[in-house]
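K.L.:
give me a 3D structure for the following:
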Amino acid sequence: MARAAVACGADGIIVEVHHEPDKALSDGPQSLFPDQFRKLMNDLEIISVLTGKEVIKRPKVRDQVFIPSPSQIPPTPKVAFLGKIGSFSSQVARKMFPDSSEYVNCNSFRQIFEEVVSRNASYGVLPIENTLTGSIHGNYELFLDYPEVFIVGERIIRVSQHLAVFPGTIRENIQVLFAHPQGFAQSSRFLESMKNIRIMDVGNTEEAARRISEFGIGGAGITSQEAVEKYHLTVSEEDIEDNIRNFTRFIILSQTFNPTIEDDKVSGVFVLKNQPGALFQVLKIFADAQINIVKLESRPIPGKPWEYLFYADWEGNIVEDRHKKTLQSLKENTLFLRILGSYKNIWKK
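P.N.:
Okay, the predicted model is just below:
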């Protein structure tokens, strides 16, 4: 009923939780166990996004699950992300960090890593994967250049791409279309209907909106609702992405890496031995340990033709003994292994 209520647009629910419902002073039969409540809230995280809302946790420091200990959060953390307020990255940063945070606007994904490495920023927000366009491979490869940076959390948001225009511009009079490459890729079918229009790549969705405002009449772009409002543009068409189930996974970067037993997701990269059955042996390690691999993808090793890295995400942590044994087996059966992060997956059902 709680899931259905949120799906129908409810702004709140009342849920009773008890460790021992049989001993509850009232309403024990309808109380949830803590584990059931945790699963319910994870489900509501997903449903709320689909209805244009969001589950906000209290205290006001929101979504602390990616931080090993709330006491380690600086009073005013500095967070680096691509673009300025209005970009999708900025929206994730403001949802995951306290309102008192300071923000470092970056012009490239590499700069985000550099801000974290230099400790000018405590955390970085980085898009890593989209449900329509797949992995953002360049961002994965940046981990090879910055081995002191780790993944300490993640956030998945629904991405709604809008066709925005300068006020007074009609679709027939559009001369130029500004968008981030991901915006173009996620809206490729819609763009097929746009004829004789100059396409201009920009660094992020916020910049697309700013360029529209600077261009004036005839300017259009693919951007977010927040950026539209920031620059006082007009939405010509909403939700132009190829599929409304358009989600982007963002990861949180930090040099402070304190894995805990509460983590339930691990990201790593490894290189296989050049021998028959090498991949099978690695997969067998996970299978024998009853560990679920949720993602596995191969990528060329930069500068080494026909040699490949494997990026993997799996359930678990790197603290428990059984997971430590798995890591040791992986080291013994690969030429190279690096743990990219161990963190809490807030969307796990």
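
K.L.:
show me what contacts Pro77?
P.N.:
Phe97, Pro98, Ser101, Glu102, Ser122, Tyr123 (CB atoms under 8 Å, 6 or more residues apart in numbering). All C-beta spots, glycine's among them, are computed from the backbone N, C-alpha and C.

K.L.:
one more time with 6 Å, if that's ok
P.N.:
Listed by CB atoms under 6 Å, 6 or more residues apart in numbering, the contact partners of Pro77 are Phe97, Ser101, Ser122.

K.L.:
and the closest residue to it other than its chain neighbours, how many neighbours?
P.N.:
Closest residue in space to Pro77, ignoring its immediate chain neighbours: Ser122 at 4.7 Å, by CB to CB, 6 or more residues apart in numbering. Neighbours of Ser122 under the rule other CB atoms under 10 Å: 23.

K.L.:
surely Ser122 touches Val79?
P.N.:
No. If you go by CB atoms under 6 Å, Ser122 and Val79 don't touch, sitting 7.0 Å apart.

K.L.:
longest strand of the chain, counting residues only.
P.N.:
If you go by DSSP state E, the chain has its longest strand at strand 304-315.

K.L.:
how distant is it from the center of its chain?
P.N.:
20 Å (CA atoms, centre = their mean, to the nearest Å).

K.L.:
which positions within that strand qualify as buried?
P.N.:
By neighbour count with 16 or more other CB atoms under 10 Å, strand 304-315 contains the buried residues Leu309, Phe310, Tyr311, Ala312, Asp313, Trp314, Glu315.

K.L.:
adding pLDDT and distance to Gly203, write the residues you listed out as JSON lines.
P.N.:
As requested, these are exported to JSON lines (pLDDT from 0 to 100; distance: CB to CB, whole Å):
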{"residue": "Leu309", "pLDDT": "95", "distance to Gly203": "27"}
{"residue": "Phe310", "pLDDT": "97", "distance to Gly203": "30"}
{"residue": "Tyr311", "pLDDT": "97", "distance to Gly203": "25"}
{"residue": "Ala312", "pLDDT": "97", "distance to Gly203": "30"}
{"residue": "Asp313", "pLDDT": "96", "distance to Gly203": "27"}
{"residue": "Trp314", "pLDDT": "96", "distance to Gly203": "33"}
{"residue": "Glu315", "pLDDT": "94", "distance to Gly203": "35"}
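
K.L.:
circling back to that earlier point, partner strands of the longest strand of the chain, parallel or antiparallel?
P.N.:
strand 265-272 (antiparallel), strand 293-301 (antiparallel) (DSSP bridges).

K.L.:
tell me which of these sits nearest to Ile339.
P.N.:
Shortest distance between Ile339 and those, using CB to CB, is found for strand 265-272: 5.0 Å.

K.L.:
what's the following helix or strand past the closest one in contact with?
P.N.:
Using DSSP states H and E, the next helix or strand after strand 265-272 towards the C-terminus is helix 278-288. Applying CB under 6 Å, 6+ apart, the contact partners of helix 278-288 are Leu272, Ile293, Ser329, Asn333.
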